[in-house]
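Undergrad: need a structure here:
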Amino acid sequence: MAHSVAIAAVSEMKPGRYPDMSGYDLYLEVVRQFLAEWSIKPGDIQGLLACPSGMAEGGSNDIFVHEQLYEELGIHPLFADTMNAGGSTYGLMVQRAALAIKQGIADSVLCIGAGKFPKVGAGGAESMARMISHEIYEFPYGTFIPAIYAQVASRHMFEYGTTPEQFAEVAVSSREWALKNPAAAMYGTESLSVAKVRESRPIATPFHLYDCSIPLEGGAAILVTSPATARRFTSQPAYLLGMGEYHSHRNIHQAPSLTDVGCNKAGQQAYRSAGLGPGDMDFAQIYDAFSVNPLVFMEELELCPKGRGGEFFQSGASRPGGDFPVNTYGGLLSFGHTGDASGMSMIVEGARQIMGIAGERQLDKADIGLVHSYGGMMSEHSTLIFGR
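TA: Numbering: from 1, shown residues only. Here you go, the predicted structure:
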């Protein structure tokens, strides 16, 4: 993989609530901001990948978003699709774009996502539960997303002795990074402490409010290109060194284990294709719908010993100034969980760190980094490794 594909440009809206904008309006705003931020013209885009508008709500206003977008841009792509794999959609988009570029199908592919976070009131909770639950074996028993993730956390506590306070450390770390990111929803607020996380409103044992991501709206765009094209737009592209994917189960009751859900298999593919190992990584950006996710996935990706994720975050290693930074943009926990586009943020940040354009939160050493995202109930996994 080394130096055959690169990220040439990234752009992301500030997470927020945009009540006067539809999901497709957000798409258009993402495109506008992307073209304004980079010296890229629509004619430079040969491929286009998008996700359905309304994906996070389990339905869609338009399942042919790519057609609308290429018509808006006035281009005729050689490679285009609308695809959906939940939160892993954008990691898999980058992988599909990379394969198209390596095959010579297109020289540049714009991966784009935007959307709104569904409201859980007025029937929204039931709609979301139906979307993620088996209609016979799960839904009748009152499933809901926070409770399912709480089961994962409870199992990790049972198997490894992890404590609620150690999950809280993940939220504390994310907030410290968000305070360095002007685009983060929690920028300018107070730092968190373990006590403050544990004293916040209970959600689903062992989670409290600050263990949960912030439901917001937004979007982002990533231009995947050949190295030669990337160097037209930036002096330091983020090269895609390795990638892997794995699809484990549909419903959570079919997962072979609640502490080994397939992340490891995607990670191993990425390490092999890059010719690198966990010890070569300088940082990680990991999808964190809840505080349990980075803790469990750090273990599965072999970035810390199995069963020791709680100790890793408790040590402060993931925070600013720590030995191994995690979610340097603030994570979904403090940057914001942007509905349909939520799997974009960690890829954008991973690329920015490699490109050296992460502002105040720019790491001193960001030569090689890992990005992991997943879709469904930790069902579908994408691991990307970026390097300079």
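Undergrad: need the pLDDT of Glu57.
TA: If you check Glu57, the pLDDT there is 56.
Undergrad: which residues sit in contact with the residue most central in space within the chain?
TA: With distances taken as C-alpha atoms, centre = their mean, the residue of the chain nearest its centroid is Gly343 (3.2 Å). By C-beta atoms under 8 Å, 6 or more residues apart in numbering, the residues touching Gly343 are 86-91, 113, 287, 373, 375. Heads up, the C-betas are built off the backbone N, CA and C, glycines and all.
Undergrad: repeat that with 7 Å
TA: Contacts for Gly343 (C-beta atoms under 7 Å, 6 or more residues apart in numbering) come out as 87-91, 287, 373.
Undergrad: may I see those residues organised as a markdown table, with pLDDT added?
TA: Shown next, in a markdown table, are those (pLDDT from 0 to 100):
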| residue | pLDDT |
| --- | --- |
| Gly87 | 89 |
| Ser88 | 92 |
| Thr89 | 94 |
| Tyr90 | 96 |
| Gly91 | 97 |
| Tyr287 | 97 |
| Ser373 | 97 |
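Undergrad: for those residues, which one is nearest Glu165?
TA: Glu165 lies nearest to Tyr287 out of those, by C-beta to C-beta, at 22.4 Å.
Undergrad: how deep is the closest residue in space to that closest one that isn't next to it in sequence tucked in, by neighbour count?
TA: Of all residues not flanking Tyr287 in the chain, Ser373 sits nearest, at 4.4 Å (C-beta to C-beta, 6 or more residues apart in numbering). Residues within reach of Ser373, counting by other C-beta atoms under 10 Å, total 30.
Undergrad: quickly list what Ser373 is bridged to.
TA: Ser382 (DSSP bridges).
Undergrad: the helices in the stretch 201-350 of the chain, which residues?
TA: 227-233, 263-274, 292-300, 309-314, 345-355 (DSSP state H, counting those that start in this stretch).
Undergrad: hey, which helix or strand in the chain has the poorest pLDDT?
TA: helix 124-132 (a mean of 78; mean pLDDT, DSSP states H and E).
Undergrad: which other helices and strands does that one contact?
TA: Contacting helix 124-132 under the criterion 3 or more C-beta pairs under 7 Å, 6 or more residues apart in numbering; DSSP states H and E is no other helix or strand.
Undergrad: need the nearest residue in space to Leu192, chain neighbours excluded.
TA: Arg175 (4.3 Å).
Undergrad: what is the neighbour count of that neighbour?
TA: By other C-beta under 10 Å, neighbour count at Arg175 equals 25.
Undergrad: need phi/psi at it.
TA: phi -60, psi -40 (degrees, to the nearest 10).
Undergrad: so it makes contact with Glu190?
TA: No - using C-beta atoms under 7 Å, Arg175 is not in contact with Glu190; the gap is 8.3 Å.
Undergrad: so where's the stretch 101-250 of the chain shaky on pLDDT?
TA: 120-122 (pLDDT under 70).
Undergrad: what ranges does it have for its strands?
TA: 108-115, 202-204, 207-208, 218-225, 238-247 (DSSP state E, counting those that start in this stretch).
Undergrad: okay, the ones you listed in TSV with distance to Glu135 next?
TA: Shown next, in TSV, are those (distance: least, C-beta to C-beta, whole Å):
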stretch	distance to Glu135
strand 108-115	25
strand 202-204	21
strand 207-208	25
strand 218-225	31
strand 238-247	20
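Undergrad: tabulate the ones you listed (a markdown table), appending distance to Glu169 and mean neighbour count.
TA: A markdown table is the format used below for these (distance: least, C-beta to C-beta, whole Å; neighbours: other C-beta atoms under 10 Å):
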| stretch | distance to Glu169 | mean neighbour count |
| --- | --- | --- |
| strand 108-115 | 30 | 29 |
| strand 202-204 | 17 | 16 |
| strand 207-208 | 13 | 24 |
| strand 218-225 | 26 | 28 |
| strand 238-247 | 27 | 23 |
